[in-house]
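Trainee: Please work out how this folds:
(one chain, ligands or ions: 1)
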Amino acid sequence: MSNPLLSGQGLPQFDQIKPEHVSPAIDALLAEGRKLIETLATTETAPTWESFALPLEDHSEKLSRAWGPVGHMNAVVNTPELREAYNDNLTKLSAYYSDLSQDERLYQKFKGIQSSDAFSSLTATQQKIINNEVRDFKLGGAELPEDKKARYKEIAKQLSKLSSQFSDNVLDATNDYSHLVTNEAELSGLPADAIEAAKAAAEENNQQGWLFTLHFPSYLPVMQYADNQALRETLYRAYSTRASEFGSSELDNTPLIANILKLRDEEAKLLDFANYAESSLATKMADTPEQVKDFLATLAKRAKPFAKQDMADLKAYGKTLGFDALKAWDISYVSEKLRQEKYAFSDQEVKQYLPENKVKAGLFKVVETIFGVQITPAEAPIWHENASFYQINNAQGQAIAYFYFDLYARKGKRGGAWMDECITRRKTPAGIELPVAYLTCNFSAPVGNKPALFTHDEVETFFHEFGHGLHHMLTQVDEYSVSGIKGVEWDAVELPSQFMENFCWEWEVLKNMTAHVETGKPLPRELFDKMLAAKNYQAGMQTARQIEFALFDIRLHSEFDPNGKQTSQDVIEQVREEVAVSIPPKWNRFQNGFSHIFAGGYAAGYYSYKWAEVLSADAYSLFEELGVLSEEAGTRFKTEVLEQGGSRTAMESFVAFRGREPSMDALLRHNGMSEGTM
Ligand SMILES: [Zn+2]
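Mentor: This is a model prediction of the structure:
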């Protein structure tokens with residue numbers, strides 16, 4: 001039997017991939033990679049792009065074609081067997097990449113190409129790859145003496161393991177918890193679909209009553225709508241103490257956080273950086289931790305008065321509902337009530353107008369209009385019956401990219417929404433390999449014979465992830481390592497995604513993607529006007545919250561001494577004192593579930609969400625000038641930003657698109673926080 005992970009071409013055979021395929025495939029490819037590296041490293045002739053860099057690119061792609069689908073399935077159809085295979089091989093892979101990134105012989109070869117006469121005759125894209133390699137080798141410890149190199153390797157291995165364990169713990173702690181309600185009276189206030197879903201969940205578990213979980217589609221409606229304060233408190237407490245010392249000690253992320261921070265600090269110091277944030281920023285658009293802190297401080301200064309006012313309004317309104325003081329588990333509930341009173345509509349009301357098919361068609365229409373492409377359903381092997389597959393054609397009717405959707409929450413699927421690369425565009429002697437993207441969300445699945453209905457927030461998320469997808473799929477870069485989102489600075493990577501969110505707020509766009517689930521009628525204009533008025537509801541509080549997370553992250557990685565007396569809990573409490581307008585209970589362990597910085601790539605990089613918002617709001621302002629569905633603006637965005645991928649710096653792409661450097665004005669205006677608007 002051939003191993004489906006080793007085909008090296010075409011789409012992944014999701015219907016054939018089994019956990020037992022993982023180790024043989026990865027072992028074979030790693031052996032092949034090590035052999036290749038040995039050959040390249042010991043070849044005596046002067047290295048060139050074709051003889052040296054290209055074979056490495058080829059193998060790197062081959063490896064990702066085997067490992068990519070494994071990582072994807074581990075995230076969306078997790079089983080104990082697959083997880084074990086994934087974790088075992090992750091250890092091998094990180095050892096391999098760590099060896100690769102520290103192989104001084106390869107480093108010397110890349111430096112050889114960089115300083116050769118032939119360098120100037122390489123394409124700008126190829127030059128960028130060589131320059132990135134030299135930079136990354138330095139960051140990967142290639143210039144370290146032997147003893148330090150060994151330690152560096154050990155740290156990388158441990159960090160990779162700890163990160164994976166961190167996110168497993170969050171997933172397990174989330175999956176392990178459920179709360180059964182047997183008294184119907186306790187469901188008061190909850191929307192009908194949330195009650196139905198809870199009933200279905202109980203039935204699936206052979207229980208009588210209504211089962212609530214910590215998965216967002218179950219958790220969020222309770223926090224927003226359940227009149228029963230005790231029910232909200234129960235779920236809030238469970239959610240905000242996930243993977244902490246208050247639950248199973250096996251799933252406690254507290255020691256993992258301490259270890260991760262210590263190891264990161266040690267790693268940065270080995271490389272001669274003062275702290276981990278400095279080493280993290282070496283590959284980002286922002287230059288120094290101070291620049292990031294200044295950026296956040298400027299935003300905080302602008303947002304805090306608005307945040308305070310938001311909180312004062314909420315407290316005052318809470319009093320009218322009989323809340324003398326607002327507990328953490330009352331905030332979403334009272335906020336939703338105040339929003340309904342102020343704007344007289346609810347998420348639930350809007351949701352009835354946003355069935356999945358209309359939303360999908362609306363998204364496709366925007367993309368097709370401004371970028372001159374066409375999207376049609378297509379066939380491919382999938383990993384779950386709820387997944388689907390599509391093709392993107394250019395104006396000439398030629399296929400240029402493909403993508404998968406997997407949109408509903410379910411057990412064994414990691415929470416949140418994300419885009420991931422399946423296949424990356426590149427030019428090979430055989431022709432162009434077309435890019436393929438995974439678009440994964442955790443929306444509520446259809447209940448009964450009704451279509452899936454999305455909240456407007458979910459629609460935004462959907463557009464957001466599709467923006468990442470477009471960055472990956474519309475690229476025209478020919479070389480693997482800087483194609484699509486590859487090689488794009490972390491703090492610029494959210495530009496296309498946040499840019500796409502803007503379209504969910506355009507009447508011209510939104511009106512065409514609505515149809516009431518029962519009457520088929522489009523969203524009424526009055527309701528849209530209310531939504532628009534409500535758009536910046538609590539924008540101050542939300543901005544303060546994002547700054548809280550970003551500041552926590554950057555301080556943890558630049559000022560905090562991981563070997564000192566303080567803990568990360570102390571840091572988050574200090575940050576909250578400074579920027580938060582509502583302080584959660586002392587037992588809140590937000591950081592124990594903060595996978596972005598402990599299990600994802602956002603360590604010393606969480607600020608990038610706001611940073612990229614500045615870029616995306618400013619980019620969108622060209623569409624405000626030239627017309628919302630302006631093909632001219634779309635073409636410019638496509639050619640100067642999306643198609644360029646990582647082949648040049650984000651600043652170069654932005655300036656080429658906008659004709660100037662980015663400005664904060666559009667973001668503040670979009671958030672209703674312009675000077676003098678309070
Ligand atoms: Zn994103």
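Trainee: so Asp330 makes contact with Gln229?
Mentor: Yes: in terms of Cβ atoms under 8 Å, Asp330 counts as a neighbour of Gln229; the distance is 7.0 Å. Yep, even glycine has a C-beta here, placed from its N, CA and C like the rest.
Trainee: so who does Lys610 touch?
Mentor: When the contact criterion is Cβ atoms under 8 Å, 6 or more residues apart in numbering, the partners of Lys610 are Phe295, Leu296, Leu299, Thr543, Gln546, Ile547, Ala550.
Trainee: ok so, going back, between Asp330 and Gln229, tell me which one has more neighbours.
Mentor: For Asp330 against Gln229, the residue with the higher neighbour count under other Cβ atoms under 10 Å is Asp330, and the figures read 20 against 13.
Trainee: Quick check: pLDDT value at the more buried one.
Mentor: The predicted local distance difference test score for Asp330 is 98.
Trainee: Assign a three-state SS to Leu144, would you?
Mentor: Under DSSP: H, G, I helix; E, B strand; the rest coil, Leu144 falls in the coil class.
Trainee: What is the burial count for the residue nearest to it when sequence neighbours are not counted?
Mentor: Spatial nearest neighbour of Leu144, excluding adjacent residues (Cβ to Cβ, 6 or more residues apart in numbering): Tyr152 at 5.9 Å. Summarising burial for Tyr152: neighbours were counted as other Cβ under 10 Å, giving 21.
Trainee: cool, Leu474 as well?
Mentor: Each residue near Leu474 was counted by other Cβ under 10 Å, and the total is 25.
Trainee: ok, now Ala328?
Mentor: Using other Cβ under 10 Å, Ala328 has 17 neighbouring residues.
Trainee: again, but for Ser121
Mentor: Counted with other Cβ under 10 Å, residues neighbouring Ser121 total 10.
Trainee: out of the contacts of Lys610, which one sits closest to the ion?
Mentor: Using Cβ to the ion, the shortest approach to the ion within the contacts of Lys610 belongs to Gln546, at 13.1 Å.
Trainee: residues contacting the residue of the stretch 101-250 of the chain found nearest the ion?
Mentor: Checking the stretch 101-250 of the chain residue by residue against the ion with Cβ to the ion singles out Phe216 as nearest, at 16.2 Å. Phe216 is in contact with Ala409, Gly415, Asn442, counting by Cβ under 8 Å, 6+ apart.
Trainee: can you dump the C-alpha coordinates of stretch 33-49 into PDB?
Mentor: Taking Å, rounded to 0.1, in the frame of the first residue of the first chain, the C-alpha atoms of stretch 33-49 are listed here in PDB:
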ATOM      1  CA  GLY A  33      16.000  15.900   3.800                       C
ATOM      2  CA  ARG A  34      19.100  15.000   5.900                       C
ATOM      3  CA  LYS A  35      20.700  13.300   2.900                       C
ATOM      4  CA  LEU A  36      20.000  16.300   0.700                       C
ATOM      5  CA  ILE A  37      21.500  18.600   3.300                       C
ATOM      6  CA  GLU A  38      24.600  16.500   3.600                       C
ATOM      7  CA  THR A  39      25.100  16.500  -0.100                       C
ATOM      8  CA  LEU A  40      24.500  20.200  -0.500                       C
ATOM      9  CA  ALA A  41      26.600  21.100   2.500                       C
ATOM     10  CA  THR A  42      29.600  19.000   1.300                       C
ATOM     11  CA  THR A  43      29.500  20.000  -2.400                       C
ATOM     12  CA  GLU A  44      32.700  21.800  -3.100                       C
ATOM     13  CA  THR A  45      31.600  24.000  -6.100                       C
ATOM     14  CA  ALA A  46      30.400  27.500  -5.300                       C
ATOM     15  CA  PRO A  47      26.700  27.500  -4.400                       C
ATOM     16  CA  THR A  48      24.100  29.000  -6.800                       C
ATOM     17  CA  TRP A  49      20.400  29.500  -6.600                       C
END
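Trainee: hang on, the earlier thing: among the contacts of Phe216, which one has the most neighbours?
Mentor: In the contacts of Phe216, the most neighbours by other Cβ under 10 Å go to Asn442, 22 neighbours.
Trainee: Phi, psi for that residue please.
Mentor: Taking degrees, to the nearest 10, you get phi -130, psi 60 for the backbone angles of Asn442.
Trainee: Which residue, other than its chain neighbours, is closest to it?
Mentor: Using Cβ to Cβ, 6+ apart and skipping the chain neighbours, the partner closest in space to Asn442 is Ala409 (3.9 Å).
Trainee: Distance of that neighbour relative to the ion?
Mentor: When distances are taken as Cβ to the ion, to the nearest Å, Ala409 and the ion turn out to be 18 Å apart.
Trainee: same deal with Thr475?
Mentor: Look at Thr475 and the ion: by Cβ to the ion, they are 17 Å apart.
Trainee: where does that residue land in three-state SS?
Mentor: Per three-state DSSP, the local secondary structure of Thr475 is coil.
Trainee: For the lengthiest strand in the chain, list every residue counted as buried.
Mentor: When the chain is parsed with DSSP state E, its longest strand is strand 399-408. With burial defined by 16 or more other Cβ atoms under 10 Å, the residues of strand 399-408 counted as buried are Ile400, Ala401, Tyr402, Phe403, Tyr404, Phe405, Asp406, Leu407, Tyr408.
Trainee: Excluding chain neighbours, what is closest to Asp227?
Mentor: Leaving aside its chain neighbours, Asp227 sits nearest to Gly189 (3.7 Å; criterion: Cβ to Cβ, 6+ apart).
Trainee: so who does the closest residue to the ion within the chain touch?
Mentor: Shortest the chain-to-the ion distance, computed as Cβ to the ion: residue-wise this is Ser497, at 4.2 Å. Each residue near Ser497 by Cβ under 8 Å, 6+ apart is listed here: Met419, His464, Glu465, Phe466, Gly467, His468, His471, Ala612, Ser616.
Trainee: rerun that using 10 Å as the cut-off
Mentor: The neighbourhood of Ser497, defined by Cβ atoms under 10 Å, 6 or more residues apart in numbering, consists of 419, 461, 463-471, 485, 609, 612, 616.
Trainee: is it fair to say it lies in a helix?
Mentor: Yes: in this structure, Ser497 lies within a helix as judged by three-state DSSP.
Trainee: So for it, what's the nearest residue that isn't a sequence neighbour?
Mentor: Gly467 (3.6 Å).
Trainee: what's the neighbour count on the one you found?
Mentor: 24.
Trainee: what residues does the chain put near the ion?
Mentor: Glu494, Ser497 (Cβ under 5 Å from the ion).
Trainee: Go ahead and confirm Leu122 touches Ile113.
Mentor: Yes: look at Leu122 against Ile113 with Cβ atoms under 10 Å: they come within range, at 8.1 Å.
Trainee: which residues are in contact with both of the two?
Mentor: Thr48, Trp49, Ala53, Ile129, Ile130.
Trainee: in the stretch 201-350 of the chain, which spans are helices?
Mentor: Here the stretch 201-350 of the chain has its helices, by DSSP state H, counting those that start in this stretch, at 216-225, 229-240, 254-270, 276-281, 289-320, 331-343, 347-351.
Trainee: The stretch 551-678 of the chain too?
Mentor: With DSSP H, counting those that start in this stretch applied, the stretch 551-678 of the chain shows helices at 568-579, 595-598, 608-626, 631-637, 650-658, 665-670, listed in chain order.
Trainee: how about those helices in CSV, adding mean pLDDT?
Mentor: Listed next are those as CSV, based on pLDDT from 0 to 100:
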stretch, mean pLDDT
helix 568-579, 96
helix 595-598, 96
helix 608-626, 93
helix 631-637, 97
helix 650-658, 95
helix 665-670, 86
